[in-house]
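Engineer: Sharing a sequence plus its predicted fold:
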Amino acid sequence: MKTNKQNPDFLCIGVKLLKWFSVHGRDLPFRKTDDPYKIWICEIIFQQTRIQQGLNHYHRFINRFPDVQTLAEASSDEVLLHWKGLGYYSRALNIHKASHQIMENFGGVFPQEYDDILSLKGVGKYTAAAVHSICFGGHLPAVDGNFYRVLSRIFADDYDISTTGAFSHFSSLALLMMPLGKAGEFNQAMMDLGSEICRPRNPYCEICPLNADCTAFQLKKVHEFPKKLKKIKPTELQLQYAFVQHGDHFLIRRRNESSIWKKLYEFPTEIDEKYKTYELDSTEIKHKLTHRNLTVIIRHFIIKSQEEFENLAEEGGFHIVDYEQSAAKSFPKPLENYLKIRFEK
DNA sequence: AACGCGGGGCT
DNA sequence: AGCCCAGCGTT
């Protein structure tokens, strides 16, 4: 465990940050608790997710799964349902697996050691440091996108944040200014400063508590940091679906565990050609994801005969649901929108 | 080291 | 249209 690596000049910056945080820190629900379970859940939910976007999901999740035991006893279906709309669905599956790890390996008590926390599915170096420092007094920086941005600007540091070494590079810088015994507050203070003041674009440098210490600001080069060379380039993906309708009922199946929308529900990808006379029309939906440009083509079939509808479901191994039920299923966004158009126009 | 993985907000 | 967000697991 790294300790006491402070540098007096830099430590002064950390103290200023803590002072700013004590006055201007955000009033967030998970700041009111020291329950490691809740802190863990909130850290997972807010990976790559803005606070505003995930806040309702956090409340619903904690309300339904208030502790590790409740979560471990729930079905993965229900956990996924509570993740609906958040994205990065493997997080939900990992949380569920981790709850079983806690039950089996740690007797149902959330582990206190850094290495044990890190051993949980879905918990990486960032999350382990965050939970360990906030709940158990650990002295490690929780280096996330905010750390990259704030630290690269303060030190006018052009280390490429898209490389593997960025985490340890900025960890070392953070350790220089992290006051002993205050890591939990320091980590949250960095997040708030990064989100409220030292924003990616149009930062409020004029009111930043650290602007006198910020090299990039002094050089008027804040916009040059952080440096990031690797760009994500979306690839094209086309999906074909059969929306098979009988009254307000239709067919669904489960996606597999590969590719996008892991284990969410979807329409059948194809049906036997003998039903093609029932095809009414076809809809094309364009949908942009971070890593994919999707083209979703949905052929609409209407089956009049109940018997034929049930046979079709039987043959393909599909589930029959109605629209009201479907609202309770975890559908990917484009399919959910398609349903709304079909049933609520 | 590189890649896959969502959805939403902002400029 | 592009960028970023309380990152992690897999290959």
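Structural biologist: Okay, I see it.
Engineer: And A:Phe61, how far from DNA strand B?
Structural biologist: Relative to DNA strand B, A:Phe61 is positioned 14 Å away (C-beta to the nearest atom of the strand, to the nearest Å). To be clear about C-beta, it is placed using only N, CA and C from the backbone, and glycine gets the same treatment.
Engineer: typed the wrong thing, it's A:Lys231
Structural biologist: Summarising the geometry, the distance separating A:Lys231 from DNA strand B, computed by C-beta to the nearest atom of the strand, is 10 Å.
Engineer: Which secondary structure element is home to that residue?
Structural biologist: In this structure, A:Lys231 is located outside every helix and strand according to DSSP states H and E.
Engineer: What about it, how many residues nearby?
Structural biologist: Residue neighbour count, defined by other C-beta atoms under 10 Å, stands at 6 for A:Lys231.
Engineer: A:Glu307 too?
Structural biologist: Around A:Glu307 there are 8 other residues, counting by other C-beta under 10 Å.
Engineer: which residues are in contact with the helix or strand containing it?
Structural biologist: Element membership of A:Glu307, judged by DSSP H and E, is helix A:306-316. Outside helix A:306-316, the residues within contact range by C-beta atoms under 8 Å, 6 or more residues apart in numbering are A:244, A:246, A:249, A:251, A:253, A:268, A:271-272, A:275, A:303, A:318-320.
Engineer: where along the stretch 51-200 of chain A do the helices fall?
Structural biologist: Taking DSSP state H, counting those that start in this stretch as the criterion, the stretch 51-200 of chain A carries its helices at A:51-64, A:68-73, A:76-83, A:90-105, A:114-118, A:125-136, A:145-154, A:166-177, A:183-196.
Engineer: Let me have those helices in CSV, adding mean pLDDT, mean neighbour count and distance to A:Ile45 as columns.
Structural biologist: Written out in CSV, the entries for those read as follows (pLDDT from 0 to 100; neighbours: other C-beta atoms under 10 Å; distance: least, C-beta to C-beta, whole Å):
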stretch, mean pLDDT, mean neighbour count, distance to A:Ile45
helix A:51-64, 97, 15, 5
helix A:68-73, 98, 17, 13
helix A:76-83, 96, 18, 9
helix A:90-105, 98, 18, 8
helix A:114-118, 98, 17, 17
helix A:125-136, 98, 23, 11
helix A:145-154, 98, 24, 16
helix A:166-177, 97, 19, 21
helix A:183-196, 98, 22, 14
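Engineer: Would you mind telling me which of those helices is nearest A:Gln218?
Structural biologist: Taking C-beta to C-beta as the measure, the helices of the stretch 51-200 of chain A were each checked against A:Gln218, and helix A:145-154 came out nearest at 10.2 Å.
Engineer: Off-centre distance for the closest one?
Structural biologist: Between the mean C-alpha point of helix A:145-154 and the mean C-alpha point of its chain there is a distance of 20 Å (C-alpha atoms, centre = their mean, to the nearest Å).
Engineer: check contacts around the closest residue to A:Asp34 other than its chain neighbours.
Structural biologist: What sits nearest to A:Asp34 in space, not counting adjacent residues and going by C-beta to C-beta, 6 or more residues apart in numbering, is A:Cys135, at 5.8 Å. If a contact means C-beta under 8 Å, 6+ apart, then A:Cys135 has A:34-36, A:39, A:110, A:112, A:184 as its contacts.
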